[in-house]
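>>> okay, sequence plus prediction incoming.
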Amino acid sequence: MKSKYKSSRSVITLILIFAVVIGFAYNLYTIQIRDNEYYESINNNDESYVIPIEAARGEIVDRNGNSLVTNRQGNSIILNAIYFPSSSENEQRNKIIYNLIMLFEANKEEFVSNLPLEFGKNGKIKFTDDEQAIETMKSADMLNLQHYATAQNCYDAVIEKYGIEGYSQEMSLKIANVRYELTRLLFSYENPVTIADEVSDKTVAQIKEDQESYLGADVKVVAYREYADSTIAPHILGTVRKINAEEYEQNKDNGYKITDQIGESGIERAMETELKGTAGELTVTIHKDGSVTEKVTKKPVQGNTVVLTIDRDLQVLAQNQLKRVCDKVDAYSSAGAVVVEDCNSGEVLAAASYPTFDLNDYYKKYKQLSGNSRNPLWSRFAMATYAPGSTFKPVTATASLETGAITDSKIYVCEGRKEFFGQPFKCLHGNAHGSENVRTALRDSCNMFFYHCALDTGIDKIDEYASAYGLGQKTGVEIAESTGTLSSPDNRRAMGGEWRIGDTMTTAIGMCDNLFTPLQLANYCSTIANGGTRYEMHFVKSVIKSSTGIVEEKSSIIEESLNLNANTLDNVHTGMRMVAQSGGPALIFDAINTPVACKTGTSEVVVNGIKRNNGFLITYAPYKNPEIAVSSVVELAGSGSETAEMTSRIIKYWYQNNTDAKTNQQFGTLLP
């Protein structure tokens, strides 16, 4: 007798088979009859892809239109996915890349090498020292390895991933570098990837002549950064590099591609949105017959021109003079900075740091430069902070006069040495100056006078006016700068310390916790010079729009108006004028035609167990109706007077070559 269970199962099976056949027949009807025209149109359509055309970055010029950073054309070799074998064709891809590597090496061309693996002297694979790149390589998007994977694990994984067999270990790693770059930079029809930069015409010709051996390789004309003189203002101009993964994620919605360049530092970074051009578009169409056509459907637009406040020739003079003074002081250890500012606008006319570097060598010699104990990459005018010494005394004079703690006729007697609260204090070298008023105390840099001022005025008022002068706070320049430190009870307590009356006294002469940048000292000096208006400092004068030629001027911004009493200004100005006439720098400043006012300063440092002094000088000129201010620091100089010759040459140059800075030509007539 038949089982009812088996009979039911057969019926169910037949029903399922019938349902599948009906479903298949329906799909066939839909495709072949009902929606035939739709599917036929898809098969007959051409496929189009849009490839971005890189735009040249904008140029950077000085205040007079002199070129500082421009562009030059060069050739890069790219791989184009439209012509290159697909990702499944590992053997063909690797063979073409091998051919390209052999060509590059024969012609001494450099090519991509971003895979953080290398062979050591013992022949074993090892990681490079780029920890971020190693982390990226192991990530899920790349090799998908655990964080503890060894260099050998990574090497084995990359060889397997890209099917690189049959080559020597060294060649396998070179091929892996190119394959890894394609993955890292999201290689696709819409995104060709550069594998070699700045190649020779010989290499270009060989690739164009042998398309079969180098299938998918093409030449891309690229705008490379070029410098009128790569040693001028490197800390101001800054550098450009390929965008990294993190920056790409942050900027991809703003039109950036993973293959784009971006400003890394200085003005290149600060003005990125202006300097970056607008990419064009190349529409590539793959026709149904397999042919390919290309058409530029949107032209690229070069970035805008950034006009700086600096004067190129003054910048060169400042750099050369700073080097000369530093080398004269100590060719192996001294360093320094100098800043020149327009007193009445906040424009930085020159800013130099020494030791310095060459922008053309920055990436090639980065490891050497970054490991140099003298820190040539460090912008001393913007990032280094120093105890300003006696250059701070005009602050104390201002606070004391404004609060009424002293008058211009107030006399303190300096005996060279004196005990305050059981502690010994002295003037420099213990010299006794005798009876001093505020003007002569500035001239003689009398510590004793300003110790008394500190006790009568108090730290709160001294700090109030120091802050108003902009000390211990950023100046507003577009590039990176340090905040510095204003010596105060609050800052001391924040560091876990205790404030004592002696700290108020040493603050008044520019010591204690005071640490300021040369930019801050220049701005402070400018504020004294112009009668109490502190401007935001800036390096950018204007922007010239490349698409319209319109010039957008940067307006001067007033950060603080001190509203100083005329008597206060007269006393401070007179005291600083007396320094230039009869103080340490007098002989040097007497030799130039422009009358100046200044204040010297020193601060003690310990080098290799030996006490030495850094030298400071703040100066403004001319004494009546001031136009420029100069701050300078030379490490280990011994005194501020050591920098006077450099300052005098800067002032002499400015007034010999810029008798009226306002008569310079308009930028719109200088630049196309």
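Nice, I can see it. Numbering: from 1, shown residues only.
>>> and the residue nearest in space to the middle of the chain, how far is that from Gly615?
Residue closest to the average C-alpha location in the chain (Cα atoms, centre = their mean): Ser265, at 1.6 Å. Per Cβ to Cβ, to the nearest Å, Ser265 is found 28 Å from Gly615. Where you see a C-beta, it was placed from the backbone N, CA and C, and this is true even at glycine.
>>> likewise Pro626?
Taken as Cβ to Cβ, the span from Pro626 to Gly615 is 23 Å.
>>> ok, now Ala468?
As judged by Cβ to Cβ, Ala468 and Gly615 stand 26 Å apart.
>>> equivalent analysis for Glu464, please.
28 Å.
>>> the more surrounded of the two?
It is Gly615, of Glu464 and Gly615, that has more neighbours when counted by other Cβ atoms under 10 Å, with 27 against 18.
>>> now for Ile78: which residues touch it?
Residues counted as contacts of Ile78 (Cβ atoms under 8 Å, 6 or more residues apart in numbering) are Pro192, Val193, Thr194, Ile195, Ala217, Asp218, Val219, Lys220.
>>> what does it show for phi and psi?
Dihedral angles of Ile78 (phi, psi; degrees, to the nearest 10) stand at phi -120, psi 160.
>>> how about the nearest residue to it, chain neighbours excluded?
Once flanking residues are discounted, Ile78 sits nearest to Pro192: 4.4 Å by Cβ to Cβ, 6 or more residues apart in numbering.
>>> could you list which residues are in contact with that neighbour?
Here Pro192 is in contact with Ile51, Ile78, Leu79, Asn80, Ala81, Asp218, Lys220, Thr259 (criterion: Cβ under 8 Å, 6+ apart).
>>> please tell me which one of those residues counts the most neighbours.
The most crowded member of the contacts of Pro192, judged by other Cβ under 10 Å, is Leu79 (23 neighbours).
>>> got a pLDDT number for that residue?
Here, the pLDDT recorded for Leu79 equals 96.
>>> from Ile96, how far off is it?
From Leu79 over to Ile96 (counting by Cβ to Cβ), the distance is 8 Å.
>>> now for these two: what residues contact both?
With contacts defined as Cβ under 8 Å, 6+ apart, the residues shared by Leu79 and Ile96 are Gly216, Ala217.
>>> and for the nearest residue to Pro52 once chain neighbours are set aside, the neighbour number?
Excluding the flanking residues, the one nearest Pro52 by Cβ to Cβ, 6+ apart is Ala279, at 4.4 Å. Using other Cβ under 10 Å, the number of residues around Ala279 comes to 18.
>>> which ones are touching Ala279?
Contacts here follow Cβ under 8 Å, 6+ apart; on that basis Ala279 touches Pro52, Ile53, Glu54, Ala55, Gly255, Lys257, Pro300.
>>> so what pairs up with the second one in the strands?
Right, the one you point to is Ile53. Here Ile53 shows beta-bridge partners Gly280, assigned using DSSP bridges.
>>> run a quick neighbour tally on Ile53.
Using other Cβ under 10 Å, Ile53 has 17 neighbouring residues.
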